[in-house]
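Q: Okay, here's the prediction I keep looking at, along with the sequence it came from:
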Amino acid sequence: MKHVLITGASSGIGKQLALDYAAEGWKVTACGRNVERLEALAAASEQISILTFDITNLEDTRQALAWVQADLAILCAGTCEYLDNGVVEADKVLRVMTTNLMGPINCLDALLPGMATGTRIALVGSTASLVPLPRAEAYGASKAALAYFCRSLSLDLAPRGIALSLVMPGFVKTPLTDSNDFPMPMMITVEKSSEFIRKGLARGASEIAFPPLFAWVLRFISVLPQSLLRLLAKRLVR
Ligand SMILES: NC(=O)c1ccc[n+]([C@@H]2O[C@H](COP(=O)([O-])OP(=O)(O)OC[C@H]3O[C@@H](n4cnc5c(N)ncnc54)[C@H](OP(=O)(O)O)[C@@H]3O)[C@@H](O)[C@H]2O)c1
């Protein structure tokens, strides 16, 4: 039986991935901090077992993941906080960078020694890293740094036969986006998001950006001259 480990499985995209992989017959290790929500998830399928730890704590992460041997690891846990009116609050930026960048890196530190040839790790970034968006200084920078880390590490892990995939969702309806107070174009459901991710990983894609039209528009904007890019990005999300 194939084994997938998923961080951020207590909510949103990660939770849907856990349910869908379990339904496909995978053994699922669902990770998060919220025990009640994880226990409720495990009650939904006997394929699902849980691990509770905070990805920002390296020692706890190492302890939790020391014996895990997975065919696929999806590092989905993340957070989002926006800056307001251009006020740079360093503690806010640090929180976002610690969870979204150092969190997955802590998981990689803990998981990689146990990953065998032929396995795959997916890092969940964001299409927000493609274009500088208003208020997304911390979030976008954390995901841009994660994207670089992923692309660079994939070169170094190739000789060991460990593949990396960078997942870049657009807007997905989850508790994370429920608090957003601005228009979110082309928003999709967690079910659709899980489908894009599972299909992309099954075909061994190194980059999975969706929904395709939204990702294409952002990629197109990202290659425009900076002056045009600034104009368009301002209009895309307020
Ligand atoms: N929703 C979107 O539109 C969207 C778009 C682009 C990218 N993404 C990315 O997709 C991923 C999932 O987002 P989502 O929308 O599904 O968010 P969500 O519903 O808020 O879920 C976030 C998950 O991350 C876990 N988590 C957060 N901090 C953690 C920590 N320190 N240690 C361990 N687990 C932690 C949470 O678990 P606990 O609460 O149990 O700790 C929860 O399971 C994130 O990386 C997000 O940046 C989302």
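A: In hand now; what should we look at? Since this is a predicted model, take the numbers as computed values, not measurements.
Q: where do the helices sit along this protein?
A: Taking DSSP state H, the helices of the chain run over residues 12-23, 35-44, 58-65, 90-97, 103-111, 137-157, 175-178, 190-202, 212-222, 226-236.
Q: Near the ligand, which residues of this protein are found?
A: Within the chain, the positions adjacent to the ligand are 7-14, 32-34, 37, 54-56, 76-80, 99, 103, 124, 126, 169, 171-172, 174-177 by C-beta under 6 Å from any ligand atom. Yep, even glycine has a C-beta here, placed from its N, CA and C like the rest.
Q: Buried ones only from the residues you listed, please, as a PyMOL command.
A: Per 16 or more other C-beta atoms under 10 Å, the buried members of these correspond to this PyMOL selection:
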select buried, resi 7+8+9+10+11+12+13+14+32+37+55+56+76+77+78+79+80+99+103+124+126+169+171+172+174+176
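Q: where in this structure is pLDDT low?
A: Scanning the chain for pLDDT under 70 picks out 233-234, 236-238.
Q: Quick check, central residue of it?
A: Residue closest to the mean C-alpha point of the chain, counted by C-alpha atoms, centre = their mean, is residue 124 at 2.1 Å.
Q: Contact partners for that residue?
A: With contacts defined as C-beta atoms under 8 Å, 6 or more residues apart in numbering, residue 124 is in contact with 8, 13, 74-76, 78, 167, 169.
Q: hmm, 6 Å instead?
A: Listed by C-beta atoms under 6 Å, 6 or more residues apart in numbering, the contact set of residue 124 reads 76, 167.
Q: does it have beta-bridge partners, and which?
A: Per DSSP bridges, the residues bridged to residue 124 are residue 167.
Q: re the thing from before, okay, and which of the residues of the chain next to the ligand map to strands?
A: Judged by DSSP state E, strands contain the following of these: 7, 32, 124, 169.
Q: Give the bridge partners for the second one, please.
A: According to DSSP bridges, residue 52 are recorded as the beta-bridge partners of residue 32.
Q: Wait, it touches residue 38, no?
A: Yes: using C-beta atoms under 6 Å, residue 32 is in contact with residue 38, at 5.3 Å.
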